[in-house]
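Engineer: Below are the sequence and a predicted model for it; my questions follow.
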Amino acid sequence: MSLRLGDLAPNFQAKTTVGDIDFYEYIDGSWAVLYSHPSDYTPVCTTELGRTAKLKSEFDQRNVKVLALSVDSVEDHHEWIKDINDTQQTEVNFPIIADEDKHIAELYDMIHPNASATATVRSVFVIGPDKKVKLTLTYPASTGRNFQEILRVIDSLQLTDQYQVATPADWKDGEDVIVVPAVKTEEIPAKFPKGYTEIRPYLRTTPQPNK
Ligand code: BEZ
């Protein structure tokens, strides 16, 4: 059964490149991104892990811990990391989980047998500090993920957690946001003192409240 938005992200114990971890203990109090890749020494994954390492300060600023996963061993991961660091000019600075018995891949439904019987697809789970699943993405093996999009969604999730707003199509941090329909138009001036625009009674925008 696949995980759905709002579900509790299952806990697990894992061997990783930074040692053995308990997932809940590792992410305690933080947001998390857990993402899978098909296998070590594959070209697309090499670029993805390099990109993630380069974005570490962006994830840190958002209080996000990142964990990657594949079904290869810790020893393979460590050897491959040397290549990633060399070819992507970075230092992998987050754990890569070695899910050799595929127990985490199964918990998170990361193997899609009609795509590959053995390899994990490119799954992404964004998990909140409450351990609930906030976002799921599934990419095919041949398409590298857009990590700016993952950061963008985290910005939206963290903003909409704090304020009664939603974010429009292609929104980026700093741009106007939408006042949620549950807020009556007459309540907007008190809740959003920066002002608002009523485009339609159901479509009201306001400057991003935390900027
Ligand atoms: C990979 O790098 O993981 C990959 C590349 C081409 C096709 C499928 C996967």
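Structural biologist: Ah, there it is.
Engineer: Going by C-alpha atoms from here, please, whenever you check contacts or count neighbours.
Structural biologist: Noted.
Engineer: For residue 53, which non-adjacent residue is spatially closest?
Structural biologist: residue 92 (5.1 Å; CA to CA, 6 or more residues apart in numbering).
Engineer: can I assume that neighbour sits in a helix?
Structural biologist: No. Applying DSSP: H, G, I helix; E, B strand; the rest coil, one finds residue 92 to be coil, outside a helix.
Engineer: Tell me how far it lies from residue 195.
Structural biologist: Using CA to CA, to the nearest Å, one gets 44 Å for the distance from residue 92 to residue 195.
Engineer: Of the two, which one has the most company?
Structural biologist: Each of residue 92 and residue 195 has its neighbours counted (other CA atoms under 10 Å); residue 92 has more, 21 against 13.
Engineer: which residues touch that one?
Structural biologist: 49, 50, 53, 81, 84, 85 (CA atoms under 8 Å, 6 or more residues apart in numbering).
Engineer: With secondary structure and neighbour count added, can I get the residues you listed in CSV?
Structural biologist: Shown next, in CSV, are the contacts of residue 92 (DSSP: H, G, I helix; E, B strand; the rest coil; neighbours: other CA atoms under 10 Å):
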residue, secondary structure, neighbour count
49, helix, 23
50, helix, 22
53, helix, 22
81, helix, 23
84, helix, 25
85, helix, 17
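Engineer: wait, which of those is closest to residue 188?
Structural biologist: When the contacts of residue 92 are compared for distance to residue 188 (CA to CA), residue 53 wins out at 40.7 Å.
Engineer: can I assume that closest one is in contact with residue 96?
Structural biologist: No. In this structure, residue 53 is not within contact of residue 96 by CA atoms under 8 Å, at 11.4 Å.
Engineer: for the residue lying farthest from the centre of the chain, phi and psi?
Structural biologist: Of all residues in the chain, residue 186 has its C-alpha farthest from the mean position, at 35.9 Å, by CA atoms, centre = their mean. Main-chain torsions, residue 186, degrees, to the nearest 10: phi -70, psi -20.
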